[in-house]
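Asks: Would you be able to build a 3D model of this:
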Amino acid sequence: MTRRLYHDDAYLRRFDAEVVAHTTYKARPAVVLDRTAFYPEAGGQLGDRGQLGDTQVVDTQETDDGTIVHVVEGAVPAVGARVTGELDWLRRRQHMAQHTAQHLLSGALLDRAEAATVSARLGESSLTIDVSRDRIPDAELAGAEALANDLVDDDLAIRAWFPSADELAALKLRRDPKVAADIRVVAIGEFDFSPCGGTHCARTSQLAAVRITGAERYKGMTRVTFTTARRGRAELFSRDQILRGLAGQFSCGPAEVPLAIDKLRRDAEAASTELTQLKSRLATAIIAQLPGTGPAIAEIPGDAELLRSVAAKLAGAGRDAILCAPDDTGAAVVVMRAAGSTLDCGALWKQLAARLGGRGGGRADRAEGRVATAITDWAATVADVAG
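Replies: Below is the predicted model of the structure:
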């Protein structure tokens, strides 16, 4: 069995080892070492990456029989070779922090929301905890987050060890161990005791902060998304930059951006209402200029929305509407029939689309789309297509 150096010192970044075997993992070359500081993926924590001499370690995994395999790219060191391993430390340090934050937040969710952790995923792009409670009020989530950050500020010591049977029996574990022997416990001060084989920070203050960024119902549970440490800072700084950019555009302070956006939304809604009213008045004026009392076959400058408004008014007044709005590349088309009419709008549109090349569709009472042929005489085109 490979000696797991990370159990002795989670902060060990560089170590010497001997290659004891070659193997493969999912068809990729891998090596087995007699000792390693590389953590294999487990417990929601991703496997470490780094270097073995000049060879890149792109993943670390543990097989079903407990063998730790280092998946490599490049020249595979020979069996028996002595190699120097070096971790991708920034990545490992973040993984240690987010695993520690998960323990801390899981304990806080249990304490403040009576929500026990079922599983956790500490991925490359998101950190999530699934808890057994279906719905958690925002106030309880905020309480759990506040407790976690109070414990960060308290700078609690974090200890990981293999307790004796008697010592283990006296501990109040947050969850049951997944193994029956060699049970390793991670303690965050006196707040949380959890069986865990992962790597963790030495003190809670190294997390800087824990932030819940979302919560949603998931398979009868609640999935809580969070961030912390370097990743948390990067997300915070990015959002602050975006907020400051918005504040500059609105000529206000960052704290006033929500008010500025709300005003912009209200102004946009008012403008949209006014535009709709103007288009309705324009549609009425256009209809007044259309000759005759039968089906209205007309070219109308504008867009599809204006065509719909004119067609609806025409149909309401008892006239079929076969309208187009031509432009340089074709035309928008709207066909709508009046009550009691026998016009099949969908069938007419299919004929127009087949003749002029178009995309769209509809039913017997209305149809619309766009044709790709320039319109020169719409009334003649409709008459020719309709036979």
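Asks: all strands for the stretch 51-200 of the chain, in order.
Replies: Secondary structure of the stretch 51-200 of the chain by DSSP state E, counting those that start in this stretch: the strands cover 55-62, 68-73, 82-87, 117-122, 127-131, 158-161, 185-188, 192-195.
Asks: Can I get the ones you listed in CSV including mean neighbour count and distance to residue 23?
Replies: In this view, the C-beta of every residue, glycine as well, is placed from N, C-alpha and C. Below are these laid out as CSV (neighbours: other Cβ atoms under 10 Å; distance: least, Cβ to Cβ, whole Å):
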stretch, mean neighbour count, distance to residue 23
strand 55-62, 19, 11
strand 68-73, 22, 6
strand 82-87, 18, 16
strand 117-122, 18, 26
strand 127-131, 22, 31
strand 158-161, 16, 28
strand 185-188, 20, 30
strand 192-195, 22, 29
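Asks: So which of those is nearest residue 323?
Replies: Closest of the strands of the stretch 51-200 of the chain to residue 323 is strand 127-131, at 51.9 Å (criterion: Cβ to Cβ).
Asks: Output the contacting helices and strands for the closest one.
Replies: Contact partners of strand 127-131 among helices and strands, from 3 or more Cβ pairs under 8 Å, 6 or more residues apart in numbering; DSSP states H and E: helix 89-113, strand 117-122, strand 221-228.
Asks: after the top helix by length along the chain comes which helix or strand?
Replies: For the chain, the helix with the greatest residue count under DSSP state H is helix 257-289. Following helix 257-289 in sequence order, the next helix or strand is strand 296-299 (DSSP states H and E).
Asks: between the next helix or strand after that following strand and helix 257-289, how big is the angle?
Replies: Using DSSP H and E, the helix or strand that follows strand 296-299 towards the C-terminus is helix 304-316. Helix 304-316 and helix 257-289 meet at an angle of 50 degrees, taking axes from the mean of the first three to the mean of the last three Cα atoms, to 10 degrees as the criterion.
Asks: Show me the contact partners of helix 304-316.
Replies: Contact partners of helix 304-316, identified using Cβ atoms under 8 Å, 6 or more residues apart in numbering, comprise 279-280, 282-284, 286-287, 290, 296, 300, 320-321, 323-325, 332-339, 366, 368, 370.
Asks: Look up the residues forming beta bridges with residue 25.
Replies: residue 28 (DSSP bridges).
Asks: List the contacts of it.
Replies: By Cβ under 8 Å, 6+ apart, residue 25 lies in contact with 59, 61, 63, 69, 71.
Asks: ok, of those residues, which one's closest to residue 236?
Replies: Checking these against residue 236 by Cβ to Cβ gives residue 59 as the nearest, at 29.1 Å.
Asks: confidence score at the closest one?
Replies: Here the pLDDT value assigned to residue 59 is 97.
Asks: Spatially central residue in this protein, please.
Replies: The chain has residue 126 as the residue nearest its centroid, 7.9 Å off, counting by Cα atoms, centre = their mean.
Asks: ok, and the closest non-adjacent residue to that residue?
Replies: residue 225 (6.0 Å; Cβ to Cβ, 6 or more residues apart in numbering).
Asks: how far away is that neighbour from residue 140?
Replies: When distance is defined by Cβ to Cβ, to the nearest Å, residue 225 is 16 Å away from residue 140.
Asks: And residue 161, by the same measure?
Replies: The gap separating residue 161 from residue 140 is 32 Å, by Cβ to Cβ.
Asks: for residue 275, same thing?
Replies: 44 Å.
Asks: what do you get for residue 304?
Replies: Residue 304 is 48 Å from residue 140, where distance means Cβ to Cβ.
Asks: Tell me what residue 14 is bridged to.
Replies: In beta-bridge terms (that is, DSSP bridges), residue 14 pairs with residue 86.
Asks: In contact with it: list those residues for me.
Replies: Shown in contact with residue 14 (Cβ under 8 Å, 6+ apart): 37, 84, 85, 86, 87.
Asks: Now flag whichever of those residues is closest to residue 165.
Replies: The closest of the contacts of residue 14 to residue 165 turns out to be residue 37 (Cβ to Cβ; 28.3 Å).
Asks: hang on, that closest one packs against residue 6?
Replies: Yes - contact criterion Cβ atoms under 8 Å: residue 37 and residue 6 qualify, at 5.3 Å.
Asks: which one of these two has more residues nearby?
Replies: Comparing residue 37 with residue 6 by other Cβ atoms under 10 Å, the one with more neighbours is residue 37, at 27 against 22.
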